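*Asks:* Starting from these lines, generate the structure:
(chains A and B)
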Amino acid sequence: MRFVIGYLVLAIATSTAEAAEELDFARVLKTTLEDVILPAHQAFAVASLELKEPVNILCDYPSREHLEAVRVSFESLVLHWSKIEMYRFGPALEANRFEKLFYWPDPRGRALRQVQKGLDSQDPTLLSIETLAKKSVAVQGLLALEFILFGSDSETLHTGNAHRCNYLRSIVGVIAINANSLSDSWQGKAGYAAEIINAGRANSLYNSPGEVIQELIKAAATQLRIVGELKIAASIGKLPGKPKPKRAPFWRSDLTATTLAVNIGAVERLLSSGISELVAKKAGNAQESLKFELSQVKEELKTINIPWIDVVKSDQRRKVLSRSNDSLARAIQIVQTSYFSALGLMLGFNSLDGD
Amino acid sequence: MVINTLNRRSFLTAAAGFALPFAGYHQTHEKQPFLFVSSQKQADGNHAVVAVDGGGAIKFQEILPGRGHDTAISPDRKTGIIFARRPGRFAVVIDLRRQKQVFAFETPANRHFYGHGFFSADGRLLFASENDFENDLGVIGIYSVGNAYNRIGEFETKGIGPHQILLKSDKNTIVVANGGIATHPDFPGQKLNLESMSPSLTYLNVVSGEVIDQALMPKSFQQLSIRHISEANDGSIWFGGQYEGYLKDKVPLVGRHVRSQEIEFIQEDASVYQEMKQYVGSVVGSHDRSLIATTGPRGGLVLIWDTVKLKLISKRSIPDVCGAAPFDHDFFFSDGCGNLWCKDTKISKHNNVGWDNHLKKV
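*Replies:* Numbering: from 1, shown residues only, chains lettered A, B, ... in the order given. Okay, here's the model as predicted:
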């Protein structure tokens, strides 16, 4: 599906290099929105709707096979989420959508505690979309859904556990609402994409298309940092022999390594839609170096074929993960320095990293 | 515990040549008898605490073990304490007369600094905003100045994420800007409770730590984190917020609080707040506290407010501005591009460095 934004005016006749650069930014921004960001959000929204039917079948006709079908659809949903996890600005921040969909990190295990408590007490407010949507964000997102499907006692879903399955129905409904409103917020005449493509006009959210490109590159760097520092390093732990695998998301469904690779792939996809091409004109090595570092990490993640909990317990695997983390650190450095400077974007020390 | 890595001291004798003072300014502002202190990111990636004179020339600097944030100045103006930016744990003690680092200390392992603090009126105690991150509690660490900055206790701030704290002019009341955002050092950069944050201003008795008053941010602006505060000459507390919600939301960013009343926002054209891009980086009063400066690095704007008329009286454009300090019924400013500004005039440019968030007048 191709998404077209009809608000871009490229006919700004000027001969200055600066203006030409802004035209390049505007062109790349349009391509990035149409080819990457909007379709990725739409695909996540569709995947959320596609989960409803297998869930209904499972709840109406519990069986091991039907539970497996739901788990397969869950995996698809999570992988689509991992492609848009990096867009933690704009519509993701509206009405706490990001936290509602992905309540992580959760250092005190709030989600597990609340979900477990709700299941144990047969909490009736978990069972309708209306009441669940008003509850804590910790019990209505993807990680709560993962616990229902893969956490302790999840096998009771195929033997018939009405309360758990009805919670499953309602949480899938809530996720679908949030996923679709997230996608809708990006699209349409008044959508965020239309808004930011007009960057620089009176009252617009950004002063120029270059400023939006800067936001996107910052999002890419942040995603790489989250994969490296928060998901990998936090799992390995600071001390040898004391791994903390449960700090990474999606370990219950054994999707951790896969989602990390998808996170990285999504960053590559974002940058390859035109941003890297602009960078290559001025700093060809930067693009190649970034490609090299990220491919190293993806290759290493691909070799993981045991559960994440066992991965971080293995000394050999820990070494590999540490190496991946080093590659990610270099990749972040390339994005944060070479990409910004090659594109002439000002990296405001205080504005980008205040407190 | 003293941090060994702090021994690397470097007086930049070449620094005067490094700075490029603006000639017109120096004709009238040559030997200022005071200093401004700020943390700075340097060209080689190091962070330093740097003191400049009123002409913008560097007088001395000390390399820090990490990124610094704000400085507490002792009542006798002989000592400056530069605190680590969160989630750092170091504090460096600077002898401002001898112009060098004389000591350093750390928070306990289960706390980290938030980057702000102040001395008690008699200079014997140092108070610092800190995070009890395993329990999601804001605290104020209390350190004994005369006893090698030994930590002698703490007060709870009755909120999450205390950031700037100050001692009111009555010398008896601590005011805490509880930003409301939970963080944990194991998850750097992650805000863990944006959906449930509850910013507040809390008033504590400086001797007992007892809560005297607390004002909660109205529910409609629950995601406006109160980070920086300053006392106006009528005793009201002015604050600047950092909004964690949707970029399209129209949010007032500057407000004030009078004890026992509700928080009120300073009414201003919505476009002014919009230009600030939902972010105030520091809030500083003039010497007589009749003016308050709020800096907006994201918007590249300084807004100066009359605290009596409750009106905006000046709006200045300074890209990436954040640091502010009182000067001559106006302000001194620093920006992330290495520039220092006196009022609305750039007075010096320091190449390849970024002045960090806060500036303090000694």
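*Asks:* before we move on, what SS does B:A128 have?
*Replies:* Look at B:A128: counting by DSSP: H, G, I helix; E, B strand; the rest coil, its state is strand.
*Asks:* So what sits opposite it in the bridge?
*Replies:* B:G117, B:G141 (DSSP bridges).
*Asks:* Surely it and B:H116 touch.
*Replies:* Yes. B:A128 sits in contact with B:H116 when judged by CB atoms under 8 Å, with a separation of 7.3 Å. Placement of C-beta: from N, CA and C, glycine included.
*Asks:* residues shared between the contacts of these two?
*Replies:* B:A72, B:F83, B:I165 (CB atoms under 8 Å, 6 or more residues apart in numbering or on different chains).
*Asks:* Going by proximity to chain B, name the top residue of the stretch 251-355 of chain A.
*Replies:* A:F349 (3.2 Å; CB to the nearest CB).
*Asks:* give the contact list for that residue.
*Replies:* So A:F349 contacts B:K41, B:D320, B:G336, B:C337, B:G354, B:W355, B:D356 (CB under 8 Å, 6+ apart).
*Asks:* Can you tell me the SS state at A:Q114?
*Replies:* Assignment for A:Q114 (three-state DSSP): helix.
*Asks:* any weak-confidence spans in the stretch 101-250 of chain A?
*Replies:* Within the stretch 101-250 of chain A, the stretches with pLDDT under 70 are A:203.
*Asks:* what does it put close to chain B?
*Replies:* A:105-108, A:136-137, A:192, A:195, A:203, A:205, A:222, A:225-226, A:229-230, A:234, A:247 (CB under 8 Å from any CB of the partner chain).
*Asks:* Buried members of those residues into ChimeraX, please.
*Replies:* One line in ChimeraX is enough to select the buried ones among those; burial here means 16 or more other CB atoms under 10 Å in any protein chain shown:
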select /A:105,106,107,136,137,192,195,205,222,225,226,229,230,234,247
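*Asks:* which phi and psi does B:I160 have?
*Replies:* phi -100, psi 140 (degrees, to the nearest 10).
*Asks:* What is the burial count for it?
*Replies:* 23 (other CB atoms under 10 Å in any protein chain shown).
*Asks:* Find the nearest non-adjacent residue to it, please.
*Replies:* Leaving aside its chain neighbours, B:I160 sits nearest to B:A182 (5.1 Å; criterion: CB to CB, 6 or more residues apart in numbering or on different chains).
*Asks:* on that earlier part again, got CSV for the contacts of A:F349, with distance to chain A and neighbour count too?
*Replies:* Supplementary listing: the contacts of A:F349 in CSV, determined by distance: CB to the nearest CB, whole Å; neighbours: other CB atoms under 10 Å in any protein chain shown:
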residue, distance to chain A, neighbour count
B:K41, 6, 21
B:D320, 4, 26
B:G336, 3, 28
B:C337, 8, 21
B:G354, 3, 25
B:W355, 8, 28
B:D356, 7, 31
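*Asks:* before we move on, the earlier item: dihedrals phi and psi, the residue nearest to B:I160?
*Replies:* According to degrees, to the nearest 10, B:A182 has phi -80, psi 130.
*Asks:* Surely it touches B:K191?
*Replies:* Yes. Using CB under 8 Å, B:A182 makes contact with B:K191 at a distance of 7.3 Å.
*Asks:* Contacts only, for residue 339.
*Replies:* No chain specified, so I'll use chain A. A:I217, A:L271, A:I275, A:V279, A:A286, A:L290.
*Asks:* other chain: chain B
*Replies:* So B:N339 contacts B:I318, B:K346, B:S348, B:K349, B:H350, B:W355 (CB under 8 Å, 6+ apart).
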